[in-house]
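Enquirer: structure for this input, please:
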Amino acid sequence: MATSISVTSTHLCLATGISIIVELSFSDTLQIGQFKAYDFFGDGSFYLLDVPGHAVGYMAGLVRTTQDTFVLFGADICHFASSIRPSSAPLVYQEPFTHISTDAATFYKDPPVAEKSVLGLMEFDADPCILVTIAHDPAALDVYDFFPRGNLNDWQQKGWKEAARWGFLSELPYNGKTVRPVPVDRLYKQGQKVDAWSYLRHNPCGFGKVWKRAYFIHQTPTAESQFPC
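Expert: Here you go, the predicted model:
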């Protein structure tokens, strides 16, 4: 059965101030890798990919940056680059360090389906002409040129894929510690650190508890730790 997604026409929003909702239906006529795809502009410059598992109707974006290179914006297909690296080739160690969480409080709507989407993401990641970037990978902060200093078009020429590929290793625990400090060290409100437990318990949109790594990934027990909010 096709997955239906609502997409807002931002161009019309900006031009007229009116938001028009267009419901898309992924068919079997176009598929890129393991994912059903939709050619958004009809010219091969930007594709929406149907990547189920994290949330209902979840999508990723595949953007053409040159004639033969692309950037895949994977968003929350997985929360850690260690979920897709290493893969089955070319290293001896062929299993990724982490997997999609199946904890009762997981942030994935359908963990088994989400794991299949991650496997599909691995195929893109193995292609030297596709730069895969996900929402929570801090390695991008160290490597990419962000607007207005630059754009993504010449990522391959600049070697960003190679430079960022193993940046996640500093997030993995070693002797009970991680090399890289977390990008956000606490929950902040108006520039001041607040007690995460108290804030989330009283915030109507909160979860009433500090997030744990188990909600996002499967990992060894020694790596289990609370996320500083």
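Enquirer: which residues does K189 bridge with?
Expert: Note on K189: beta-bridge partners Q192, judged by DSSP bridges.
Enquirer: report how many residues lie close to it.
Expert: K189 has 9 neighbouring residues, counting by other Cβ atoms under 10 Å. In short, each C-beta sits where N, CA and C put it, glycine included.
Enquirer: tell me which helix or strand S117 sits in.
Expert: The secondary structure element spanning S117 is helix 111-125 (assigned by DSSP states H and E).
Enquirer: mind listing what's buried in that helix?
Expert: Under the neighbour-count criterion of 16 or more other Cβ atoms under 10 Å, helix 111-125 has 111, 113-118, 120-125 buried.
Enquirer: hmm, who's touching it?
Expert: Contacts to helix 111-125, defined as Cβ atoms under 8 Å, 6 or more residues apart in numbering, come from residues 33-35, 51-54, 60, 72, 74, 77-78, 83-85, 87-88, 96, 99-102, 108, 130, 132.
Enquirer: hmm, which of those residues are the buried ones?
Expert: Neighbour counting over the contacts of helix 111-125 (16+ other Cβ under 10 Å) leaves 34-35, 51-54, 60, 72, 74, 77-78, 83-85, 87, 96, 99-101, 108, 130, 132 as the buried ones.
Enquirer: name the spans of the chain whose pLDDT lies under the cut-off.
Expert: Judged against pLDDT under 70, the low-scoring parts of the chain cover residues 1-19, 88-93, 181-188, 195-229.
Enquirer: try it again at 80.
Expert: When the per-residue scores of the chain are filtered using pLDDT under 80, the ranges that remain are 1-23, 27-29, 87-95, 105, 171-174, 176-229.
Enquirer: quick one: the helices in it?
Expert: Using DSSP state H, the helices found in the chain span residues 10-16, 111-125, 139-143, 155-158, 160-165, 196-202.
Enquirer: strands along the protein, start to end?
Expert: Listed in chain order, the strands of the chain (DSSP state E) span residues 4-8, 21-25, 31-32, 35-39, 46-50, 59-64, 70-75, 99-100, 130-134, 173-174, 177-178, 188-189, 192-193, 217-218.
Enquirer: tell me which of these lies nearest to F146.
Expert: Distances from F146 to each of these were compared using Cβ to Cβ; the minimum, 11.8 Å, belongs to strand 130-134.
Enquirer: name every strand pairing with the closest one and say which way it goes.
Expert: On the basis of DSSP bridges, the sheet neighbours of strand 130-134 come out as strand 70-75 (parallel).
Enquirer: now the partner strand against helix 111-125, angle please.
Expert: Regarding strand 70-75 and helix 111-125, their directions subtend 160 degrees when assessed with axes from the mean of the first three to the mean of the last three Cα atoms, to 10 degrees.
Enquirer: and strand 70-75, how far from the chain's centre?
Expert: How far strand 70-75 lies from its chain's middle: 8 Å, per Cα atoms, centre = their mean, to the nearest Å.
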